[in-house]
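A.B. asks: I would like to see how this sequence folds:
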Amino acid sequence: MKIKILPQFWIFALLFAALQGGTLASVLMWIAILPVSVLVHELGHAFVIRLYNLRASIELGMFGGSTRYYGGNLGLLAQFLVTLMGPLFGIGFALFAFYLRSIISPEFIATRDALELLSVVNIFWSIINLVPVLPLDGGKIMAIMCETLFPKYSVHITYFLSGLFAVTTAFIFLMIGQMMAGAFFLLFAFDSFRVWNQARRTVLRKEENPHLIEEIEKAAEDWMGARPEEAIKRLEKLYHEASDAVMKQEALERLGQYLLLSKQPERATSLLSEHETQLSPDGLKILQLAAYQSGEYKKALSAGQEAFRQHQTTDAALLNAFAAARLGMAPLVVNWLQSAHALGGVDMKKVMEAEELSSVRSDPLVQQFMNSL
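C.D. replies: Sure, this is the predicted structure:
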């Protein structure tokens with residue numbers, strides 16, 4: 001298992017310690033306690049990942065840590081256990097630190113103080129991290145539960161509840177004078193309500209256009225019934241006749257998807273490129289793949305960059321890396337491979353063996369990245 005501590009983490013730790021005030025000794029104590037506490041929390045996630053025979057890596061960055069897994073997928077139950085184990089490890093570590101403090105002689109004041117602070121920090125952080133607010137572990141657990149209980153409306157319910165809990169938690173922190181924590185939860189609330197509102201508006205617009213749903217469903221039936229040309233013709237007609245922008249975009253993106261699946265990437269690229277600025281993240285990913293299969297690597301890269309900006313996914317980052325490799329842009333290849341590696345869920349060593357990267361595999365920057373895996 002690989003553990004990496006970025007320089008940004010030490011900047012964060014120093015700023016956090018300085019804000020706590022006190023003597024130089026207390027600042028140094030905070031700087032020592034923070035990485036240990038965050039690392040223990042992430043090891044809890046990694047422990048369960050390893051139980052499922054997957055590889056794990058831990059990275060400590062600007063606002064804490066993150067644990068990623070490689071070599072397979074995890075079901076909802078496994079994701080639940082992975083997420084829950086981080087806070088549980090933190091609580092267990094806090095109890096262990098408290099026990100050590102109780103058996104150490106009172107004359108070792110500094111050691112007892114450090115263990116007491118270690119215990120308090122881990123209890124506090126574990127409890128806060130279980131608050132059902134995204135992107136905290138509690139928010140992820142809530143998302144898993146909503147996906148299990150309400151699969152159709154899981155995004156709407158999860159982000160709405162996340163926003164409510166975030167606002168409430170922010171208010172509590174601000175009332176007790178914890179301005180930094182309050183500010184963070186207000187940011188979480190803003191982001192949660194932003195995603196919820198986007199999902200809500202999409203559903204409302206579709207409900208206002210039942211014809212869209214009916215035609216899309218008929219096209220899907222044609223496609224599943226091995227009538228691809230009928231599905232494509234139906235979507236083309238809907239696209240040209242639609243007056244509503246949402247209806248037009250839905251038809252356009254589904255049409256592009258069917259053209260791509262019908263091995264007509266050039267046609268899909270031409271169609272989607274005309275409306276690239278109006279495409280959703282999913283539409284941009286269709287354009288990215290269609291352009292790549294058509295050999296239009298610059299177009300694939302530009303669409304993929306925008307798709308990744310709007311919604312960061314591993315597959316978008318990898319396809320950007322492949323497109324950059326086709327263009328011989330080794331530094332950009334490394335940047336996108338690093339992004340894919342950071343997001344996790346893929347075996348990067350196998351990725352590096354892909355034929356798509358053969359043209360840049362011998363480049364020193366690419367070699368350096370391969371050696372870091």
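A.B. asks: May I have the lowest-mean-pLDDT helix or strand in the chain exported as CSV, CA atoms only?
C.D. replies: Ranked by mean pLDDT, DSSP states H and E, the helix or strand of the chain with the weakest confidence is helix 210-224, at a mean of 72. What follows is helix 210-224, C-alpha atoms only, in CSV (Å, rounded to 0.1, in the frame of the first residue of the first chain):
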residue,chain,number,x,y,z
PRO,A,210,-43.9,14.1,-21.7
HIS,A,211,-43.5,13.7,-25.4
LEU,A,212,-39.7,13.7,-24.9
ILE,A,213,-39.9,10.8,-22.5
GLU,A,214,-42.3,8.9,-24.8
GLU,A,215,-40.1,9.3,-27.9
ILE,A,216,-36.9,8.5,-26.0
GLU,A,217,-38.5,5.4,-24.7
LYS,A,218,-39.6,4.3,-28.1
ALA,A,219,-36.2,4.9,-29.5
ALA,A,220,-34.7,2.8,-26.7
GLU,A,221,-37.2,0.0,-27.5
ASP,A,222,-36.1,0.2,-31.2
TRP,A,223,-32.5,0.0,-30.1
MET,A,224,-33.0,-2.9,-27.7
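A.B. asks: Now it: buried residues?
C.D. replies: The neighbour-count check on helix 210-224 (16 or more other Cβ atoms under 10 Å) flags 212, 215-216, 219, 222-223 as buried. Any C-beta I mention is one placed from the backbone N, CA and C, and that applies to glycine too.
A.B. asks: Adding distance to residue 40, write those residues out as TSV.
C.D. replies: Shown next, in TSV, are those (distance: Cβ to Cβ, whole Å):
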residue	distance to residue 40
212	50
215	54
216	49
219	52
222	55
223	50
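A.B. asks: Nearest to residue 143 among the residues you listed?
C.D. replies: residue 216 (26.5 Å; Cβ to Cβ).
A.B. asks: count of residues packed around the closest residue to residue 101 other than its chain neighbours?
C.D. replies: Closest residue in space to residue 101, ignoring its immediate chain neighbours: residue 115 at 3.9 Å, by Cβ to Cβ, 6 or more residues apart in numbering. For residue 115, the tally of surrounding residues (other Cβ atoms under 10 Å) stands at 21.
A.B. asks: wait, residue 115 sits on residue 102?
C.D. replies: No. If you go by Cβ atoms under 8 Å, residue 115 and residue 102 don't touch, sitting 9.0 Å apart.
A.B. asks: circling back to that earlier point, what's the spacing between the residue nearest to residue 101 and residue 104?
C.D. replies: Going from residue 115 to residue 104 by Cβ to Cβ, to the nearest Å gives 7 Å.
A.B. asks: go on, residue 146?
C.D. replies: Taken as Cβ to Cβ, the span from residue 146 to residue 104 is 45 Å.
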